[in-house]
Structure formats: structure tokens, C-alpha cells
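A.B. asks: one predicted model, sequence on top.
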Amino acid sequence: MTEVSVIVATRNRAAILKRFMEALAAQEPVPGGFELVVVDDFSRDDTPSVCGEAARSSAWITYLRAPGHVGIPAAQNIGIRASSGRKLLFTDDDCVPGPDWVRRMSEALDSHPVVGCAIAEAPGRGYVMLSHHVALVGGFLPSDKAGPANMLAGGGMGLTRAAFDRIGALAEDQTRAFDTECSLRARSMGLDVWLDRRIVTVHDPPCRPVSAVMRYAWLHAGDTILLRRRYAAVLRTPFILRNGLFLTALSPVIALGVVVRLCLDGLPLRMWHTLPLVWALKVAWCLGAAKGIMPAARKAGRPR
């Protein structure tokens, strides 16, 4: 059995996937070795040829193609079933792991069943994409801190095979934030969830205009707010985040509170210029969350 399996699901991102595989090929040695399992979610671009060529020339790479477009969490479950590692690492195809990422994540999993890492911004990103990054992963920026985490964000998560067997497969109906849901499910089962912000991967997605990142914040909120409701006992979700009317009415204040907390938590001064757009993105998150809650409340027969 291989010590570590790195599993990545991809769809129509051949160019950046090649960059990701190059970063994995440059990893420091890991005791017991590691493998990369790439699951192609039925891409229509050059992904099959890029991955097929890499797998033929590198015995440590396994390439699998889903029978149809099944979604990223379902594709990752395919990769898990095909993997052999005692430890499972998940990341995204638009991330570039640091050269010590696999080794250090593996070492952290010797002490904790579920581990997350820091997510750094790509160098040279413009104002919009840097603001998007701060709004999305502000609590997971690199630092010298490590400790228990309420939940983990996408981009870099690991768990032992034993923990995965206990938690169960990734939620395939959770189209966004399925990794966050996995970490919350682990906490609800009493497992230790650890965040080590000294371990770093770089998030380097394709550039988007401000309208697209605003829409992403709005859409992402509709899923993540439901997780906050479902795991309210674990997260101690305040009432204000469980009521759509309050979320809508107080969205500017809630967004301001998030911005202040980011500063107090040590947001680097070089990122403070992003805070106006970060505030606007958090307002969009609140409005998207309110919309996500209200249909759920109606379905359950609860007043809005």
C-alpha cells in the first residue's frame, strides 16, 4: 500500500492541470511514497491526452475518466475507490502545492485524522482576484499558526483512510463546499480537525471580472449557509445566520464584522486595500445566503 494518495478531480482545465501535475512531480520525497490519482469528469478539451501521456510516462500517476459528467465530489469518490494510500490528500486543479506540501500534510496526518492547510494567493493577481481570494479564504491565509479548526476550506485537505472509512464518501449532492461538509461531518462524529497554516498551497484560478466573483460569492453562500444550519450544533451558528430576513436587513453590518475580524486575525497589511471589495463580496454572500435559506424554510413549513 502507498503511504499517500493525492486525489484531484478535473474538468476542461487541461492547461492548468498540466501545471498542477508538474508541481506534484517536484514534491520532496515522502517516506512510503505517494501516488497521484487524476479523475477526469468527462472533459471535452485536451485533458485525456494530457493526462494519458503523463500516466504513461510516470508510474506514480493514475488517470481515470468518469463515464459521464458526474460532478467533482462524485469524481473524487471514484478516485478514492481507486487509490491505495493510507492517507488521502485532496486539492483542486487550479492549485499549485508547495514542494513540501505532500510530505508535511502526511506528517500532520500522523497526529490528526483530518488536516487542512493554508491557501496562498498567486503572485501578480490584480485587485479583483486578490479581493476574491481574501474573501474566499481569509481564515486560511499562510501564517505561523496551527491548531483546531471549526471547518476546512477547499484547496488542501487530508484525512487518514481510517477517518474516511468512518466519515463516509464525499457528499455527491453537495455541488459546492463538499470538502467543508466533509470536515463538518468529521467534527460532528467527534474527530479532531486540524488546520496547519504553515503548510501552503497556492490558489491560482483563471481571472474573472468583478461581476463573476460577485456572482460566485452569491451562489457559494446558498450552499454554505445550509451547512451552517445543518451543523449549527457543531459551529454554534448564531441566530442571525439562520434567519433570511435578518441576513438581508443586516448584510452591510455582518459584512463589516467579517472585515474587522479579518484585520484582527492578522490579515497582512499588503492586502488591506482589498477590504472595500471584500466587504461588497460579503454583502453578496449574505444576500445569497438569505435566498438559500428562505426556500428551505418554506419547504420545512417554517415562516420566513
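C.D. replies: Received it, and whenever you're ready, just let me know what you need.
A.B. asks: and residue 81, how many neighbours does it have?
C.D. replies: 11 (other Cβ atoms under 10 Å). Every C-beta, even on glycine, is put in place using the N, C-alpha and C of the backbone.
A.B. asks: and it, what helix or strand is that in?
C.D. replies: Assigned by DSSP states H and E, residue 81 falls within helix 72-82.
A.B. asks: quick one: contacts of that helix?
C.D. replies: With contacts defined as Cβ atoms under 8 Å, 6 or more residues apart in numbering, helix 72-82 is touched by 5, 7-11, 37-41, 62, 64, 66, 70, 88, 90, 164, 169-172, 174-175, 178.
A.B. asks: what comes up buried for it?
C.D. replies: Neighbour counts using 16 or more other Cβ atoms under 10 Å place 72-80 of helix 72-82 among the buried residues.
A.B. asks: pick the one among those closest to residue 229.
C.D. replies: residue 73 (19.6 Å; Cβ to Cβ).
A.B. asks: how near is that closest one to residue 171?
C.D. replies: 6 Å (Cβ to Cβ, to the nearest Å).
A.B. asks: quickly list what's touching both of the two.
C.D. replies: Overlap of the contact sets of residue 73 and residue 171 (by Cβ under 8 Å, 6+ apart) consists of residue 178.
A.B. asks: excluding sequence neighbours, find me the nearest residue to residue 21.
C.D. replies: Nearest residue to residue 21 in three dimensions, chain neighbours excluded: residue 54, at 5.6 Å (Cβ to Cβ, 6 or more residues apart in numbering).
A.B. asks: re the thing from before, any of the contacts of helix 72-82 buried? List them.
C.D. replies: The buried subset of the contacts of helix 72-82 - by 16+ other Cβ under 10 Å - is 5, 7-11, 37-41, 62, 64, 66, 70, 88, 90, 164, 170-171, 174, 178.
A.B. asks: mind listing which of those are in helices?
C.D. replies: Among the buried ones among the contacts of helix 72-82, the residues falling in helices (DSSP state H) are 164, 178.
A.B. asks: in strands, which of the buried ones among the contacts of helix 72-82 fall?
C.D. replies: Per DSSP state E, strands hold the following members of the buried ones among the contacts of helix 72-82: 5, 7-10, 37-40, 62, 64, 88, 90.
A.B. asks: can you give me the strands for the chain?
C.D. replies: Assigned by DSSP E, the chain shows strands spanning 4-10, 34-40, 61-65, 87-90, 95-97, 114-121, 146-148, 157-160, 193-203.
A.B. asks: out of those strands, nearest to residue 270?
C.D. replies: Shortest distance between residue 270 and the strands of the chain, using Cβ to Cβ, is found for strand 114-121: 10.1 Å.
A.B. asks: show me what the closest one packs onto, helices and strands only.
C.D. replies: Helices and strands touching strand 114-121, by 3 or more Cβ pairs under 8 Å, 6 or more residues apart in numbering; DSSP states H and E, are helix 101-109, helix 127-137, strand 157-160, helix 178-188, strand 193-203.
A.B. asks: adjacent strands (with direction) for the shortest one?
C.D. replies: I take that to be strand 157-160. According to DSSP bridges, strand 157-160 forms sheet pairs with strand 87-90 (antiparallel), strand 114-121 (antiparallel).
A.B. asks: can you redo those strands as a markdown table with mean pLDDT and distance to residue 205?
C.D. replies: A markdown table is the format used below for the strands paired with strand 157-160 (pLDDT from 0 to 100; distance: least, Cβ to Cβ, whole Å):
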| stretch | mean pLDDT | distance to residue 205 |
| --- | --- | --- |
| strand 87-90 | 97 | 16 |
| strand 114-121 | 96 | 10 |
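A.B. asks: dump these to TSV, plus distance to residue 255.
C.D. replies: TSV is the format used below for these (distance: least, Cβ to Cβ, whole Å):
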stretch	distance to residue 255
strand 87-90	29
strand 114-121	20
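A.B. asks: tell me which of the ones you listed lies nearest to residue 206.
C.D. replies: strand 114-121 (14.2 Å).
A.B. asks: off-centre distance for the closest one?
C.D. replies: 9 Å (Cα atoms, centre = their mean, to the nearest Å).
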